[in-house]
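S.K.: Whatever this is, show me its structure:
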Amino acid sequence: MAHQLLCCEVDAVRRGYPDANLLNDRVLRAMLKAEETCAPSVSYFKCVQKEVAPSMRKIVATWMLEVCEEQKCEEEVFPLAMNYLDRFLSLEPVPKSRLQLLGATCMFVASKMKETIPLTAEKLCIYTDHSVRPDELLHMELLLVNKLKWNLAAMTPHDFVEHFLSKMPVAPESRRIIRKHAQTFVALCATDAKFISTPPSMVAAGSVAAAVQGLHLGASSGFLAPHRLSRFLSTVIKCDPDCLRACQEQIEALLESSLRQAQQSLDPKAAEEAEEDLSCTPTDVRDISL
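M.R.: Numbers count the residues shown, from 1 in each chain. The predicted structure is shown next:
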């Protein structure tokens, strides 16, 4: 009697389960203190860089995000890579011709920190259309980690999002949806130079608040009502509620601008027709594609 061989589809990448023991106030206090030690300065465009401009950072950041998405990297990889990029640019002048090499190197190191199977140098060089060689990337890796003094465990907004969600009395399905949209906002903020010097905890809180508002989950009298949620989040990260609301508005404006640009690139006429709706509900998007 012939035996049939069954081939079951198995996820090749094994990932650890979230540890609920890490979502406590003691860990959160340590994270809030640690985020101050890995903060880049937005002034590097004027004080350090001679050739790199904010528009160039935007281009390389968008490319890095596309690579991370196509490679299905962990959500933390892209914002961590952008933290490395901004901190390096705060310390060392970089010719614009080497900016993509730096971006690839930042993804290379960040994936080693966060992925079970990190991105390879060869694969990243393919994404540069072979304008970067593997040996160049490995050399830049040494320069990067030395300039950052091997301080690579930087806090990202994603670390804080999980803490906020664990404290919010919402249903598991709502928590999942809020997380998904907050992660999209975090990635969007990482591509924009205006958020370089904003603390990760503030970006995370503003992203969660913007996600709740855009998804219309906040009833006027419930916990997720805008004023109650802002007060809760500002208490958790020990900031002024007005500062948090300003950050949220900045995130919503960034989304509105990004959506308008995407519409214009596809259909200029449709962009004009959608402009009024965008200005009213800038976060009313169920699936946001960056």
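
S.K.: Next, work out how far apart the residue positioned nearest the centre of the chain and Arg231 are.
M.R.: Central residue of the chain (C-alpha atoms, centre = their mean): Ala187, 3.1 Å from the mean position. Ala187 sits 26 Å away from Arg231, going by C-beta to C-beta, to the nearest Å. The way it works is simple: take the backbone N, C-alpha and C, and place the C-beta from them, glycine included.

S.K.: returning to what we had before: and the residue nearest to the centre of the chain, what element?
M.R.: helix 172-191 (DSSP states H and E).

S.K.: With Trp63 instead?
M.R.: helix 54-70.

S.K.: quick check: angle from that helix to helix 172-191?
M.R.: Per axes from the mean of the first three to the mean of the last three C-alpha atoms, to 10 degrees, the angle that helix 54-70 makes with helix 172-191 is 140 degrees.

S.K.: Next up, the contacts around the residue nearest to the centre of the chain.
M.R.: Contacts for Ala187 were tallied using C-beta atoms under 8 Å, 6 or more residues apart in numbering; they are 65, 75, 78-79, 290.

S.K.: same thing with Thr128?
M.R.: 100-101, 104 are the contacts of Thr128 under C-beta under 8 Å, 6+ apart.

S.K.: That one and Leu102: what is the separation?
M.R.: Relative to Leu102, and taking C-beta to C-beta, Thr128 is found at 11 Å.

S.K.: Tell me how this protein divides into domains.
M.R.: 38-147, 157-280 (automatic domain parsing).

S.K.: ok, back up a step: what residues sit buried inside the helix holding Ala187?
M.R.: The neighbour-count check on helix 172-191 (16 or more other C-beta atoms under 10 Å) flags 175, 177-179, 181-191 as buried.

S.K.: what is the mean pLDDT for that helix?
M.R.: Across helix 172-191, pLDDT averages out at 92.

S.K.: what does stretch 155-166 give?
M.R.: So the average pLDDT for stretch 155-166 ends up being 91.

S.K.: in it, what counts as buried?
M.R.: Applying 16+ other C-beta under 10 Å to stretch 155-166 flags 155-165 as buried.

S.K.: In helices, which of these fall?
M.R.: Mapping those onto helices (DSSP state H) picks out 157-165.

S.K.: thinking again about what came up before, among the contacts of Ala187, name the buried ones.
M.R.: Applying 16+ other C-beta under 10 Å to those, the neighbour count classes 65, 75, 78-79 as buried.

S.K.: quick one: which of those is nearest Asn151?
M.R.: Distance to Asn151 across these (C-beta to C-beta) is lowest for Pro79, with 16.0 Å.

S.K.: Tell me the pLDDT of Gly214.
M.R.: 84.

S.K.: let's number from 841 now, not from 1
M.R.: Got it, the first residue is 841 from now on, which makes the last one we talked about Gly1054.

S.K.: Next, find the distance separating it from Gln1088.
M.R.: For Gly1054 relative to Gln1088 (C-beta to C-beta), the value is 10 Å.

S.K.: Which of these two has more residues huddled nearby?
M.R.: Per other C-beta atoms under 10 Å, whichever of Gly1054 and Gln1088 has more neighbours is Gln1088, with 26 against 22.

S.K.: ok, now how distant is that one from Ala1045?
M.R.: On the measure of C-beta to C-beta, Gln1088 and Ala1045 end up 8 Å apart.

S.K.: same deal with Ser937?
M.R.: 38 Å.

S.K.: Could you tell me the angle between the top helix by length along the chain and helix 1012-1031?
M.R.: Counting residues, the longest helix found in the chain (DSSP H) is helix 1081-1106. Relative orientation of helix 1081-1106 versus helix 1012-1031 (the same axes, to 10 degrees): 80 degrees.

S.K.: in helix 1081-1106, what counts as buried?
M.R.: Here helix 1081-1106 shows 1084-1085, 1087-1088, 1090-1092, 1094-1096, 1098-1100, 1103 as buried, counting by 16+ other C-beta under 10 Å.

S.K.: Dump the contacts of Ala1027 into TSV; add distance to Ile1036, pLDDT and secondary structure as well.
M.R.: TSV is the format used below for the contacts of Ala1027 (distance: C-beta to C-beta, whole Å; pLDDT from 0 to 100; DSSP: H, G, I helix; E, B strand; the rest coil):
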residue	distance to Ile1036	pLDDT	secondary structure
Leu905	16	95	helix
Glu915	19	90	coil
Phe918	15	95	helix
Pro919	12	94	helix
Leu1130	18	39	coil
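
S.K.: Of these, just say which sits nearest to Glu875.
M.R.: Taking C-beta to C-beta as the measure, Glu875 sits nearest to Pro919 out of these, at 12.1 Å.
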